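Undergrad: Predicted structure and sequence below. I'll ask about it afterward.
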Amino acid sequence: MKTLDDVRDFLQGRDMQPKDKWVIQKYIGKPLLIGGRHWANSPLRKFDIRMYALAQVVDGVHFRGYFYKEGYIRTTSFEYTANDLDDRNVHLTNDAVQDKFKDYGRYEPGNKISFKDFAQYMRDRKGIDFYQIILPAMKAAVRDTLDALWHNIQAGRAVINQFEMFGYDFMIDED
């Protein structure tokens, strides 16, 4: 949806229940892009960062959170432009969209970049240490969501060592 009126029209006439939950997020209009001479001589493309976390119910009351130390960067196959927001191919990085195109995997295998390679790119291009600046901020955001969701994860469960796994997608803007 592109406007607040689009959101209102979508919700109009729906039988909304108190338990219904919606997520609304502003589109990042100026994302940090990857590509150019600094990366595979590719056009400047959109990307996101995927990481995983696990929440373990320890004793029915407490939980532990774990981060998988490696994630990956998912890229699009197309040059980024904000001129056409309806072109999913330019804006969505997931394989369900990207793997249908002939340029899928052209710039990096499976349109994926390791944390290690991305860290080098960020150091060279932006002078930013991915492992000292970006990754800790991502972990803090994951920690906050697990803390906020904990009551839903453990609600009514007396099971010990039960767990839930979560995938998180992050984007970085050009600033």
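TA: Thanks, I have it. Residues are numbered from 1 along each chain as shown.

Undergrad: Give the rounded mean pLDDT of stretch 81-100.
TA: For stretch 81-100, the mean per-residue pLDDT is 88.

Undergrad: can you map out the helices along the chain?
TA: Assigned by DSSP state H, the helices in the chain fall at 4-11, 88-91, 95-98, 115-126, 135-154.

Undergrad: Which other helices and strands does the last one contact?
TA: Okay, so that is helix 135-154. The contact analysis (3 or more Cβ pairs under 8 Å, 6 or more residues apart in numbering; DSSP states H and E) places helix 135-154 against strand 47-57, strand 63-67, strand 162-170. In short, each C-beta sits where N, CA and C put it, glycine included.

Undergrad: Nearest to residue 93 among those would be which one?
TA: Across the helices and strands packed on helix 135-154, residue 93 has its closest neighbour in strand 47-57 (4.9 Å, Cβ to Cβ).

Undergrad: The closest one vs strand 162-170, what angle?
TA: 160 degrees (axes from the mean of the first three to the mean of the last three Cα atoms, to 10 degrees).

Undergrad: re earlier: deepest-packed of the helices and strands packed on helix 135-154, please.
TA: Of all those, strand 47-57 carries the top mean neighbour count, a mean of 19, counting by mean count of other Cβ atoms under 10 Å.

Undergrad: Alpha carbons of that one, in PDB - could you do that?
TA: Output in PDB follows, covering the C-alpha atoms of strand 47-57 (Å, rounded to 0.1, in the frame of the first residue of the first chain):
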ATOM      1  CA  PHE A  47      19.600  -6.100  -0.400                       C
ATOM      2  CA  ASP A  48      18.500  -7.200   3.100                       C
ATOM      3  CA  ILE A  49      20.200  -9.100   5.900                       C
ATOM      4  CA  ARG A  50      18.800 -12.400   7.200                       C
ATOM      5  CA  MET A  51      19.700 -13.700  10.600                       C
ATOM      6  CA  TYR A  52      18.200 -16.300  12.900                       C
ATOM      7  CA  ALA A  53      17.500 -16.500  16.600                       C
ATOM      8  CA  LEU A  54      16.100 -19.200  18.800                       C
ATOM      9  CA  ALA A  55      14.200 -18.800  22.100                       C
ATOM     10  CA  GLN A  56      14.300 -21.700  24.500                       C
ATOM     11  CA  VAL A  57      11.800 -22.200  27.300                       C
END
